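> Got a predicted model here, sequence first, then my questions.
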Amino acid sequence: MFHAAITERVLGAAMKVHSALGAGCLESTVIVEPKAVEKLLRLHLAQVLTYLKLSGHRVALLINFNVPHLRDGIRRVVNGMERK
């Protein structure tokens, strides 16, 4: 039953994204780095910044699921490098 509940929640979130953005949303539009750690470290931020630099994207979400309230585990990361 546990896996069924998780699957239902993930699919529900995917449906909300699809409803909001439509079928044209590319999989490379937003980087999302999920974690389940005691606290987010500078290393985690460095990882996400590296992903942004390598992909050429400017914004990512670093999400720590090991928090009582998810809003406290979400960090928006912006790559400040100028594009050429």
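Perfect, thanks for sending it.

> Which parts of this structure are strands?
Taking DSSP state E as the test, the strands found in the chain are 31-35, 59-64, 74-78.

> would you turn these into a markdown table with mean neighbour count, mean pLDDT and distance to G12?
To be clear about C-beta, it is placed using only N, CA and C from the backbone, and glycine gets the same treatment. Formatted as a markdown table, the strands of the chain follow (neighbours: other CB atoms under 10 Å; pLDDT from 0 to 100; distance: least, CB to CB, whole Å):
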| stretch | mean neighbour count | mean pLDDT | distance to G12 |
| --- | --- | --- | --- |
| strand 31-35 | 15 | 87 | 16 |
| strand 59-64 | 18 | 88 | 17 |
| strand 74-78 | 14 | 90 | 18 |
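
> Of these, which is nearest Y51?
For the strands of the chain, the distance to Y51 is smallest for strand 31-35, at 5.2 Å, taking CB to CB.

> Show me how far the closest one is from its chain's centre.
Computed by CA atoms, centre = their mean, to the nearest Å, the chain-centroid distance of strand 31-35 equals 4 Å.

> contacts for it?
With CB atoms under 8 Å, 6 or more residues apart in numbering as the test, strand 31-35 has contacts from 44, 47-48, 51-52, 55, 57, 59-66.

> do that again at 10 Å, thanks
If you take CB atoms under 10 Å, 6 or more residues apart in numbering as the criterion, strand 31-35 is touched by 40-41, 44-45, 47-48, 51-52, 54-55, 57-66, 73, 75, 77, 79.

> angle of that strand against strand 74-78?
140 degrees (axes from the mean of the first three to the mean of the last three CA atoms, to 10 degrees).

> could we number from 51 for the rest of this?
With 51 as the first residue, the last one maps to strand 81-85.

> Need the residue closest to the centroid of the chain.
Of all residues in the chain, the one closest to the mean position by CA atoms, centre = their mean is V82, 2.2 Å from it.

> and that one, bridged to which residues?
L111 (DSSP bridges).

> and the longest helix for the protein?
Ranked by residue count under DSSP state H, the longest helix found in the chain is helix 52-71.
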